[in-house]
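Visitor: Sequence first, then the predicted structure, then my questions.
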Amino acid sequence: MAMPNEVLWDALIRDLRFQSLHWRKSAFLLGLTALSMAYYFLLPIGAAYFQDLFKIRVCGRHPR
């Protein structure tokens, strides 16, 4: 018998709304992970092959 404050995890997992929410969360996190990894690996590759672009100062004082 379930206590008043006890969560029925089996019923929650079978709920279609929970499954939909879990799928959307997983898809979002997978996309965010892919974007982060692409940025992480492309930044040093870009710095190696496009050195002139990375020499442009975008903030701070320019040396005289």
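Guide: That came through, no problem. Owing to the predicted nature of the structure, the values given are computational and were not obtained by experimental measurement. Residues are numbered from 1 along each chain as shown.
Visitor: For the protein, give me the ranges with low pLDDT.
Guide: 1-3, 63-64 (pLDDT under 70).
Visitor: Which helix or strand contains the most centrally placed residue in it?
Guide: Residue closest to the average C-alpha location in the chain (Cα atoms, centre = their mean): Leu32, at 2.8 Å. For Leu32, the host element (DSSP states H and E) is helix 16-49.
Visitor: helix or strand right after that helix?
Guide: Next element after helix 16-49 (DSSP H and E): helix 51-54.
Visitor: Now do that next one: everything it contacts.
Guide: Gly46, Ala47 (Cβ atoms under 8 Å, 6 or more residues apart in numbering). C-betas here are computed from N, CA, C, even on glycine.
Visitor: and if you look at stretch 18-37?
Guide: Leu12, Ile13.
Visitor: again, only this time at 7 Å
Guide: Leu12 (Cβ atoms under 7 Å, 6 or more residues apart in numbering).
Visitor: Dump it to PDB, keeping only the CA atoms.
Guide: Output in PDB follows, covering the C-alpha atoms of stretch 18-37 (Å, rounded to 0.1, in the frame of the first residue of the first chain):
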ATOM      1  CA  PHE A  18       6.500  11.900 -18.700                       C
ATOM      2  CA  GLN A  19       7.900   9.800 -21.600                       C
ATOM      3  CA  SER A  20       7.400  12.700 -24.000                       C
ATOM      4  CA  LEU A  21       9.000  15.100 -21.700                       C
ATOM      5  CA  HIS A  22      11.900  12.700 -21.100                       C
ATOM      6  CA  TRP A  23      12.400  12.300 -24.900                       C
ATOM      7  CA  ARG A  24      12.400  16.100 -25.500                       C
ATOM      8  CA  LYS A  25      14.900  16.600 -22.700                       C
ATOM      9  CA  SER A  26      17.200  13.900 -24.100                       C
ATOM     10  CA  ALA A  27      16.900  15.300 -27.600                       C
ATOM     11  CA  PHE A  28      17.700  18.800 -26.300                       C
ATOM     12  CA  LEU A  29      20.700  17.600 -24.300                       C
ATOM     13  CA  LEU A  30      22.000  15.600 -27.200                       C
ATOM     14  CA  GLY A  31      21.800  18.600 -29.500                       C
ATOM     15  CA  LEU A  32      23.500  20.800 -26.900                       C
ATOM     16  CA  THR A  33      26.200  18.300 -26.400                       C
ATOM     17  CA  ALA A  34      26.800  18.100 -30.200                       C
ATOM     18  CA  LEU A  35      27.000  21.900 -30.500                       C
ATOM     19  CA  SER A  36      29.400  22.100 -27.500                       C
ATOM     20  CA  MET A  37      31.700  19.400 -28.900                       C
END
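Visitor: Thanks again, I'm all set now.
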